[in-house]
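A.B. asks: sequence-free structure coming up:
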């Protein structure tokens, strides 16, 4: 029976360049672990770019807005965002404005925010401990290690839930960051 | 514990008018049977509009393109469309062009198409026999009865699979239409 | 950075034989076009098995029940099933009982059913015109050609929607079958 | 047109008691925010039950196994579990064994685990800051406040991702717990 071959050929013929779901299956392409890696790398790169722009005297706020709008899902829904250093009544940053305040500070509503992304970060590396992918959602849990210009390293635990939009792009709909637990020395 | 109430209130506060997922749950609103009813009605209305435009001497082709682009998922993927009267090598109309040919004819590649939507349809009623909704997909199976200007009725079996886009709109990704089986008289 | 390699290794180590989602991604494995091919083949094989069991004097009804329970989703939900020769008030076979009646007859509630699967089918071939896969649902549209013991061929149009259960198996939740449209000779 | 009413009636008639998807829509019922509340409450209740069983001299380990098997998704996939006090090489507890060690200790592979659920917890309250529901996954982010028998309270940040199984039950596939950030006093 040649139906498999012929249907795959048919699929190729039918897939027009203008169509959004660039998958031979008809529907949206399934999220892959590699895409989750790329999305985490993009988050790291975004943070470094904001920081470098700030050090270079550029418009770090504008870059942060671009990073936020590209990487996070605020345009569609409140994002479940718990940044590392957020606390008290401002622990959760479900709105775009509150997330921007965390990254670049300068918002009188969030006076405790000095701008996490304005610190002199020069390197960001991630390590994934586990993933879970189902339908349009892809989850990672692991660590990110940030290095600042003095060489000091900070490692935080990060949980991300990404959502694949109809445009095929992954956007963060949950981001939980926390300082690792350290037991008290005996 | 007041957490339910407070979290619902929180949801209301956080839901900005500009956000796409207009749901208190954060994510996209689940498809309802009522939305499937509305979507089937919209399909009926679209057919009648093309037909009436043609009778009134208007640009039925332009209307058909608008109906197709609004109701079908061709912009994102090939649509699994089997129109009632399509047959042979042109049984399946997976491309927008082939669907348009079926509705309004006038395409030399599909010489057998005289334009199904150009017939003098004056009434279209649907009856749903069963539905199935899961995630972004909603399915209906049932009948549509079309009445033409002479009062003659035609009933066809129709299966639709609708997909909810990120914009919340339902679009047809599968449409199978068939003349009901009629046993030969004894 | 070695995070990709290490996380893939981690995935392999963590995947225990007893776990249900046999996927390196954590979640259920995405449906593939090949699985849809296999599922359609299984449907064809099931029909042929019922027919052969009947010809051989075996318990065709018991085989039909096994085929139904293995291939269709009746245990979880009403199945949107429109068999080729079903009509009138019994057009749609949403219950298991009504589907069984169609396949092997012998149910006084469905006196018109002579048992479609009891006909002397000796060959069943499918051809897929298009597929659509999203999350737990996989759709195919195409033809099935049945050959009986006299060599006579019957081709029908078939639309299937399969659902992947938590056990990874695909089950039919929609099956629409129709005799192809044939224009009247001029 | 009476199609809406009649199709709803049809749905009621067709829904057999033995069927799993107890939804009038055909498919599985959508997750509700109330179900997420109930699932979080169940987690709290499970913790308190293990603790009370331990205080009462019962088999806390057996209870913990039951709680784990009922509430977590380990039977299907590795769970992305980061318990509050886990650290170092044992930060993530993706296997059932490692989760059990965290709750009731007594596993030489995890010598640092003294049994979090064996502490004298007498009260557990949760507060949800935000939810996100899509398809079979429901997410909550918020706090849990635990009170021990001396009246001392501990509040932790908790992120859960629940998955609805084919049986309609929600199980935890991600659980991230962290001590809230507290800025150093000036």
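C.D. replies: Received it, and whenever you're ready, just let me know what you need. All of these numbers come straight from a predicted model, not from anything done at the bench. Residues are numbered from 1 along each chain as shown, chains lettered A, B, ... in the order given.
A.B. asks: From the contact counts, what lies against the longest helix anywhere in chain A?
C.D. replies: Taking DSSP state H as the criterion, chain A has its longest helix at helix A:33-55. Applying 3 or more CB pairs under 8 Å, 6 or more residues apart in numbering or on different chains; DSSP states H and E, one finds that helix A:33-55 contacts helix A:60-71, helix A:96-104, strand A:121-134, strand A:137-148, strand A:153-164, strand A:170-178, helix C:3-14. For every residue, glycine as well, the C-beta is placed using N, CA and C.
A.B. asks: how about these in TSV, adding distance to chain B, mean neighbour count and mean pLDDT?
C.D. replies: As requested, those are exported to TSV (distance: least, CB to the nearest CB, whole Å; neighbours: other CB atoms under 10 Å in any protein chain shown; pLDDT from 0 to 100):
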stretch	distance to chain B	mean neighbour count	mean pLDDT
helix A:60-71	12	18	97
helix A:96-104	9	22	98
strand A:121-134	10	21	97
strand A:137-148	9	21	98
strand A:153-164	9	20	98
strand A:170-178	8	23	98
helix C:3-14	25	15	39
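A.B. asks: Determine how far the longest helix of chain A lies from the middle of the whole chain.
C.D. replies: Centre-to-centre, helix A:33-55 and its host chain are 8 Å apart (CA atoms, centre = their mean, to the nearest Å).
A.B. asks: Can you give me the buried ones in that helix?
C.D. replies: A:33, A:35-37, A:39-41, A:43-44, A:46-51, A:53-54 (16 or more other CB atoms under 10 Å in any protein chain shown).
A.B. asks: relative to helix A:96-104, how tilted is that helix?
C.D. replies: 70 degrees (axes from the mean of the first three to the mean of the last three CA atoms, to 10 degrees).
A.B. asks: what is the mean pLDDT for helix A:33-55?
C.D. replies: Across helix A:33-55, pLDDT averages out at 97.
A.B. asks: ok, residues contacting it?
C.D. replies: A:59-60, A:63-64, A:67, A:70-71, A:103-104, A:115, A:117-126, A:128, A:131, A:133, A:138, A:140, A:144, A:146, A:149, A:160, A:162, A:170, A:172, C:3-4, C:7-8, C:11, C:24-25 (CB atoms under 8 Å, 6 or more residues apart in numbering or on different chains).
A.B. asks: gap between the residue most central in space within chain A and residue A:70?
C.D. replies: In chain A, the residue lying closest to the centroid (CA atoms, centre = their mean) is residue A:43, at 4.4 Å. The spacing between residue A:43 and residue A:70, counted by CB to CB, to the nearest Å, is 10 Å.
A.B. asks: Check residue A:78 too.
C.D. replies: Counting by CB to CB - residue A:78 and residue A:70 are separated by 18 Å.
A.B. asks: and what of residue A:41?
C.D. replies: 13 Å.
A.B. asks: Which residue comes closest to residue A:181 once chain neighbours are left out?
C.D. replies: What sits nearest to residue A:181 in space, not counting adjacent residues and going by CB to CB, 6 or more residues apart in numbering or on different chains, is residue D:87, at 4.7 Å.
A.B. asks: quick one: contacts for that neighbour?
C.D. replies: Contacts of residue D:87 (CB under 8 Å, 6+ apart): A:180-183, D:112.
A.B. asks: Select, from those residues, the two members most distant in space.
C.D. replies: For these, the farthest-apart pair by CB to CB is A:180 and D:112; their separation is 13.5 Å.
A.B. asks: Could you list the contact residues of chain A toward chain D?
C.D. replies: Chain A comes close to chain D at residues A:77-78, A:80, A:82, A:84-87, A:91-92, A:94, A:112, A:129-130, A:132, A:134-137, A:139, A:141-142, A:157, A:159, A:161, A:163, A:173-174, A:176, A:178-183, as judged by CB under 8 Å from any CB of the partner chain.
A.B. asks: Tell me the residue of chain A that sits nearest chain D?
C.D. replies: residue A:178 (3.5 Å; CB to the nearest CB).
A.B. asks: Hmm, that residue is touching residue A:84, no?
C.D. replies: Yes. Using CB atoms under 8 Å, residue A:178 is in contact with residue A:84, at 6.6 Å.
A.B. asks: Overlap in contacts, those two.
C.D. replies: A:156, D:181.
A.B. asks: Nearest residue to residue A:91 in space, please, no chain neighbours.
C.D. replies: Nearest to residue A:91 is residue A:82, by CB to CB, 6+ apart, at 6.2 Å.
A.B. asks: beta partners of the one you found?
C.D. replies: residue A:176 (DSSP bridges).
A.B. asks: hang on, isn't it packed against residue D:159?
C.D. replies: Yes. Shown here, residue A:82 and residue D:159 form a contact pair, counting by CB under 8 Å, at 7.5 Å.
A.B. asks: shared neighbours, the two?
C.D. replies: Residues touching both residue A:82 and residue D:159 (CB under 8 Å, 6+ apart) are A:176, D:141.
A.B. asks: wait, what's in contact with residue A:145?
C.D. replies: A:124-127, A:153-155.
A.B. asks: List the contacts of the closest residue to it other than its chain neighbours.
C.D. replies: With CB to CB, 6+ apart as the criterion, residue A:145 has its nearest non-adjacent residue at 4.5 Å, and that residue is residue A:155. Residues near residue A:155 by CB under 8 Å, 6+ apart: A:143-146, A:180.
A.B. asks: Need the max-distance pair from those residues.
C.D. replies: A:146 and A:180 (13.1 Å).
A.B. asks: returning to what we had before: gap between the residue of chain A closest to chain D and chain C?
C.D. replies: 19 Å (CB to the nearest CB, to the nearest Å).
A.B. asks: which residues touch that residue?
C.D. replies: A:82, A:84, A:156-157, D:157, D:176, D:178-179, D:181.
A.B. asks: if we can go back for a sec, please tell me how far the residue nearest to residue A:145 sits from residue D:91.
C.D. replies: 10 Å.
A.B. asks: Now for these two: what residues contact both?
C.D. replies: Counting by CB under 8 Å, 6+ apart, the residues touching both residue A:155 and residue D:91 are residue A:180.
A.B. asks: Now do the same contact list for the residue nearest to residue A:74 when sequence neighbours are not counted.
C.D. replies: Nearest residue to residue A:74, sequence neighbours excluded (CB to CB, 6+ apart): residue A:96, at 4.0 Å. With contact set as CB under 8 Å, 6+ apart, residue A:96 has these partners: A:68-69, A:72, A:74, A:79.
A.B. asks: Could you identify the most distant pair in these?
C.D. replies: A:69 and A:79 (11.6 Å).
A.B. asks: Give the burial count for the residue nearest to residue A:91, as a bare number.
C.D. replies: Using other CB atoms under 10 Å in any protein chain shown, residue A:82 has 26 neighbouring residues.
A.B. asks: ok, now which ones touch it?
C.D. replies: A:91-93, A:175-178, D:141, D:157, D:159.
A.B. asks: so residue A:107 sits right up against residue A:93, yeah?
C.D. replies: No. Contact criterion CB under 8 Å: residue A:107 and residue A:93 do not qualify, at 11.2 Å.
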